[in-house]
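Visitor: here you go, sequence then predicted model.
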Amino acid sequence: MKKHLFYTLLMLISLMGCSLPKGNAEAEDVEEGLPVINLSKGVEEVDILNLSDAAEKMEIVKLETTDKSLIKNIFELKVTGNDIWINSMSNILRFSKKGKFLNLVGKQGKGPGEYTWISKFNVDEINHEIYILSASSGILIYDYEGNFLRKITEQRQDELFADTEGEFVVYKNQFLLSRNLYFAYDFLLNENSPNAIIWSLATTDNQFNKLKLFENPSHKGREREILADEHIAHGDRWVNYWVEEPTSIDFANDEITIKFPDTDTIYMYNQSMQELVPKYAIYTNEEKGDYGLTHEFVKQRHAFDYFLISSYYATSNYVYLVSSKDEQIYTYAYNKRDHSIRRVVRKGEIINQEDAPPFISQFGTFRNMKRDFILTNDYTGGNFKVDYRSYGKYWIQVLDPGSSDYEKFVKDLKASPAAPQKQQLLDVIAKTDEEDNPILLIAVLK
């Protein structure tokens, strides 16, 4: 009976998105009910986590460089069955899986079917359509060859998200909006606005009209604190300077899974019910710190001293969590089959940005910390940094010959142990000039 009550309590706690009680010895494993990923007991410290645990193979793709396909910056990257799609903000570029440039999608302009600049985009693999969210033109749809088909909403990014940050998901005829605290527009405080609550996830119809809103459980009871008057910027549209890590939305085994920042639950989205169903609970006895201290945009140094899970990655056999405490970065690999957990620890760096814009620096020193998801690349050698993920099928690392990180990557690659595709990658690098388009390492997930 006691065991049954524990499972019931565990499910209720997960639904609320709260932490499990500290020191609960039973929380390390649950044989029935909701599985628990216990980060505080039975974790094996290892030197490396191999990419081959998650990926079945590696594809090395050098993107063709032409006058039409020259890429200055990559803001988003997606891989589908036969194509590679890149958002350079001014264009969407389509390449084949061999790296050959195929076409641009749409064009910049102010006429019908044109966009000013691209905020976000998505690929609908079922209908072979490209969705482009333009900051000022709403959402436009094109075919794979780049021809304009139709506009489905006039809503701009700020109207869709009421925030400066947001993502939209188009996956198997499901449409989702996700947003995070990263400043907030003043009409959040307008009680007549549909964005009057601090929603973090929304379901929509195929015209992107919101159907159901979900609030991050960690925000409950803090709404007025987050939108308090004392955080209103002087003369700006912003009403606060709170920020949080991005919501992790991933795909594995044809499921949409979600982890909100600052919560200890991974949810599965049930499409038929339009509900979030707890899939895993995360347990840790680490302190998370005061909410205000750890969520201010301009943070004090000791705000980094607390444990933070920054991102979550789903695969068929593993759940990966990237976290930090002080200047240590922890990468956890939870094995779904035997419930074991391995952890790699590496040194991070808290960066003091001295050249922050005046509207930020007036509040103090701007500090930031990169928490990259890095695995050992036992296919090519060196490390594999997940720069982008695509529909639960691919992880992508971008090697930009013009970047400051490229030279270090090549040096580390040459010094790394032998690997099956190491020479293949070195041969591609040898034929790549500084002005060329990037080389992509595409991990095909199991």
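Guide: Now that the structure is in, tell me what you want to look at.
Visitor: confirm for me that Gly292 is in contact with Val243.
Guide: No - under the criterion of CB atoms under 8 Å, Gly292 is not in contact with Val243, lying 11.9 Å apart. C-betas here are computed from N, CA, C, even on glycine.
Visitor: tell me which of the two has more neighbours.
Guide: Comparing Gly292 with Val243 by neighbour count (other CB atoms under 10 Å), the higher total belongs to Val243, at 18 against 14.
Visitor: hey, what's the more buried one bridged with?
Guide: Note on Val243: beta-bridge partners Tyr182, judged by DSSP bridges.
Visitor: got it, and Tyr142?
Guide: Ile130, Phe148.
Visitor: for stretch 273-282, buried residues please.
Guide: 276, 278-282 (16 or more other CB atoms under 10 Å).
Visitor: those in strands, which ones?
Guide: Counted as lying in strands by DSSP state E, out of these, are 276, 278-282.
Visitor: can you redo the residues you listed as a markdown table with pLDDT and distance to Val36?
Guide: Formatted as a markdown table, these follow (pLDDT from 0 to 100; distance: CB to CB, whole Å):
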| residue | pLDDT | distance to Val36 |
| --- | --- | --- |
| Leu276 | 96 | 18 |
| Pro278 | 96 | 11 |
| Lys279 | 96 | 11 |
| Tyr280 | 96 | 7 |
| Ala281 | 96 | 5 |
| Ile282 | 97 | 8 |
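Visitor: excluding chain neighbours, what is closest to Lys325?
Guide: Phe307 (4.7 Å; CB to CB, 6 or more residues apart in numbering).
Visitor: wait, that neighbour sits on Tyr283?
Guide: No - with contacts counted by CB under 8 Å, Phe307 stays clear of Tyr283, the gap being 12.0 Å.
Visitor: neighbour count: these two, which is higher?
Guide: Comparing Phe307 with Tyr283 by neighbour count (other CB under 10 Å), the higher total belongs to Tyr283, at 21 against 18.
Visitor: quick one: pLDDT of that one?
Guide: Per-residue confidence at Tyr283 stands at 96 (pLDDT).
Visitor: where does the stretch 1-150 of the chain have low pLDDT?
Guide: Residues of the stretch 1-150 of the chain that meet the criterion pLDDT under 70 lie in 1-32.
Visitor: and the helices in it, which stretches?
Guide: 2-16 (DSSP state H, counting those that start in this stretch).
Visitor: for the stretch 301-446 of the chain, just list every one of the strands.
Guide: Taking DSSP state E, counting those that start in this stretch as the test, the strands found in the stretch 301-446 of the chain are 308-314, 318-325, 328-335, 341-347, 350-353, 366-369, 374-376, 383-385, 388-390, 394-399, 439-445.
Visitor: now do the residue nearest to the spatial centre of the chain against Ile226, distance only.
Guide: Among the residues of the chain, the one closest to the centroid is Ser248, at 5.0 Å (CA atoms, centre = their mean). For Ser248, the distance to Ile226 equals 20 Å [CB to CB, to the nearest Å].
Visitor: just Thr331 next, same as before
Guide: To Ile226, Thr331 is 30 Å away according to CB to CB.
Visitor: for the two, indicate the residue with more neighbours.
Guide: Thr331 (23 against 19).
Visitor: dump the residue contacts of Leu426.
Guide: 413-414 (CB atoms under 8 Å, 6 or more residues apart in numbering).
Visitor: where does it land on pLDDT?
Guide: 98.
Visitor: now swap in Ile226 and tell me
Guide: At Ile226, the model reports a pLDDT of 75.
Visitor: okay but it is in contact with Trp242, surely?
Guide: Yes - if you go by CB under 8 Å, Ile226 and Trp242 touch, sitting 5.3 Å apart.
Visitor: and the strands in the stretch 1-150 of the chain, which stretches?
Guide: Using DSSP E, counting those that start in this stretch, strands in the stretch 1-150 of the chain cover 36-38, 43-45, 55-62, 76-79, 83-87, 92-96, 101-105, 118-124, 129-134, 138-143, 148-153.
Visitor: okay if I get those strands as CSV plus mean neighbour count and distance to Asn270?
Guide: Formatted as CSV, those follow (neighbours: other CB atoms under 10 Å; distance: least, CB to CB, whole Å):
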stretch, mean neighbour count, distance to Asn270
strand 36-38, 22, 21
strand 43-45, 12, 31
strand 55-62, 18, 28
strand 76-79, 21, 25
strand 83-87, 22, 29
strand 92-96, 21, 32
strand 101-105, 19, 32
strand 118-124, 22, 21
strand 129-134, 21, 23
strand 138-143, 20, 25
strand 148-153, 15, 25
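Visitor: of all these, which one is nearest Ala252?
Guide: Proximity to Ala252 (CB to CB) singles out strand 55-62 among those, at 12.9 Å.
Visitor: neighbouring strands for that closest one, and are they parallel or not?
Guide: Strand 55-62 is paired, per DSSP bridges, with strand 439-445 (antiparallel).
Visitor: how far off centre is the partner strand?
Guide: 17 Å (CA atoms, centre = their mean, to the nearest Å).
Visitor: which strand residues bridge the residue lying closest to Val46 once chain neighbours are set aside?
Guide: Excluding the flanking residues, the one nearest Val46 by CB to CB, 6+ apart is Arg342, at 4.8 Å. Judged by DSSP bridges, the bridge partners of Arg342 are Glu44, Ala333.
Visitor: thought Arg342 was touching Tyr320?
Guide: No - under the criterion of CB under 8 Å, Arg342 lies out of contact with Tyr320, with a separation of 10.2 Å.
Visitor: who has more neighbours, the two?
Guide: Applying other CB under 10 Å to Arg342 and Tyr320 shows that Tyr320 carries more neighbours, namely 20 against 17.
Visitor: so who does the more buried one touch?
Guide: By CB under 8 Å, 6+ apart, the neighbours of Tyr320 are 54, 312-314, 331-334, 373.
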